[in-house]
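Peer 1: pasting a predicted model and its sequence here:
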Amino acid sequence: MKYCLNCGFIAADNSTSKDDVNCPECNTPFQEDSMTGEMFESLSEFEKEQYAEQLYAKIGSEVINKYIRKYGEPSFYSSWWYDKYEKMCPGQEALRYEPIEEWKARFYEKYGPHTQAYQDQLLENIRAERESRQSTQVKCPYCHSTNVNKMRDIDKILYGGEAGRLASLIGGSQWYCRNCKSKF
């Protein structure tokens, strides 16, 4: 378990603060004991209470009370004593560390097919928009590339050369293919 002697923040090794060296609340270096999150979860409720009392004694009651006054008691438990926090705050989940794939699976399971259907619809809208943009895009008639530029008058003179200058300006080629170098 990691704990801060300055502000009283406590974090388990399976919380979102598991990789932090310093406290996310006050940037003070964490103190650490040998209790892991897995070990703590395997304790009985009575043993958890005893461990919490020992942890509070290490941190100090003044610091603990300051933290509780600042954030409220339920927040105090959210990053290390998950089951107590979730009992005190029905309908809320503590922020455990988990890989993004597991989080997504839990999210979809909790919020149901509506969320998945909504995301699928968004993806379908994006695909349709891309396809409509591609279908209206100018393509080279020779190599079928979409890597084409509209020619300006100065480009017509440069690409057309001196001999084709008048014909280009009157209305000849409008587009230049950057792949096959053709004008159309």
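Peer 2: Structure received.

Peer 1: now do the SS call for D120.
Peer 2: At D120, secondary structure determined by DSSP: H, G, I helix; E, B strand; the rest coil is helix.

Peer 1: would you mind identifying the next helix or strand past the least confident helix or strand in the chain by mean pLDDT?
Peer 2: Using mean pLDDT, DSSP states H and E, the weakest-scoring helix or strand in the chain turns out to be helix 165-170, at a mean of 48. As assigned by DSSP states H and E, the chain's next helix or strand after helix 165-170 is strand 175-177.

Peer 1: can you tell me what sits against that next one?
Peer 2: 138, 140, 142-143, 145, 147-151, 155, 159, 182-184 (Cβ atoms under 8 Å, 6 or more residues apart in numbering). Where you see a C-beta, it was placed from the backbone N, CA and C, and this is true even at glycine.

Peer 1: if you set the cut-off to 10 Å instead, what comes out?
Peer 2: 138-151, 155-156, 158-159, 182-184 (Cβ atoms under 10 Å, 6 or more residues apart in numbering).

Peer 1: using ChimeraX, define a selection of the buried residues within those.
Peer 2: Typed into ChimeraX, the line below selects the buried ones among the contacts of strand 175-177, using 16 or more other Cβ atoms under 10 Å:
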select :139,140,148,151,156,182,183
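
Peer 1: tell me the contacts of E102?
Peer 2: Counting by Cβ under 10 Å, 6+ apart, E102 has contacts R96.
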